[in-house]
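A.B. asks: what follows is a predicted structure for the sequence shown.
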Amino acid sequence: MSSIKDFKKEINYVFGEVIDEANYKQLVNPEVDGDKVEAIIDEAVMAYEDFYKKINSGRKAENKKTFYKTLTQEVEKKVKDMIEKINAL
């Protein structure tokens with residue numbers, strides 16, 4: 001990770017892609033339950049907000065490198081879980 005600013009941009013991009021993918025899944029396959037798609041979108045928005053707050057709180061962390069490495073792993077796991085939910089629709 002090169003900077004906090006870039007990390008924030010990556011978070012924005014990744015969760016935006018998750019939302020786009022959920023919308024696309026519903027658009028291509030109208031039989032998909034719209035409530036489940038909305039739940040995934042809501043989850044993505046809430047996760048984005050949560051991670052954005054965590055990024056800002058990292059400025060107070062004692063070991064910033066470890067903090068952001070752990071946070072990156074959390075983001076990857078969360079996104080992977082949401083993509084699996086989208087694929088299961």
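C.D. replies: Perfect, thanks for sending it.
A.B. asks: residue contacts, the residue nearest to the spatial centre of the chain?
C.D. replies: Nearest to the mean C-alpha position of the chain, counting by C-alpha atoms, centre = their mean, stands Phe15 at 3.9 Å. Contacts for Phe15 were tallied using C-beta atoms under 8 Å, 6 or more residues apart in numbering; they are 44-45, 47-48, 79. The way it works is simple: take the backbone N, C-alpha and C, and place the C-beta from them, glycine included.
A.B. asks: try it again with 10 Å
C.D. replies: The contact partners of Phe15, taken as C-beta atoms under 10 Å, 6 or more residues apart in numbering, are 41, 43-49, 51-52, 75, 78-79, 82.
A.B. asks: Thr66: which of those is nearest?
C.D. replies: For the contacts of Phe15, the closest approach to Thr66 (C-beta to C-beta) belongs to Val75, at 15.1 Å.
A.B. asks: correct me, but the closest one touches Ala44?
C.D. replies: No. The pair Val75 / Ala44 is not scored as a contact, 11.5 Å apart, by C-beta atoms under 10 Å.
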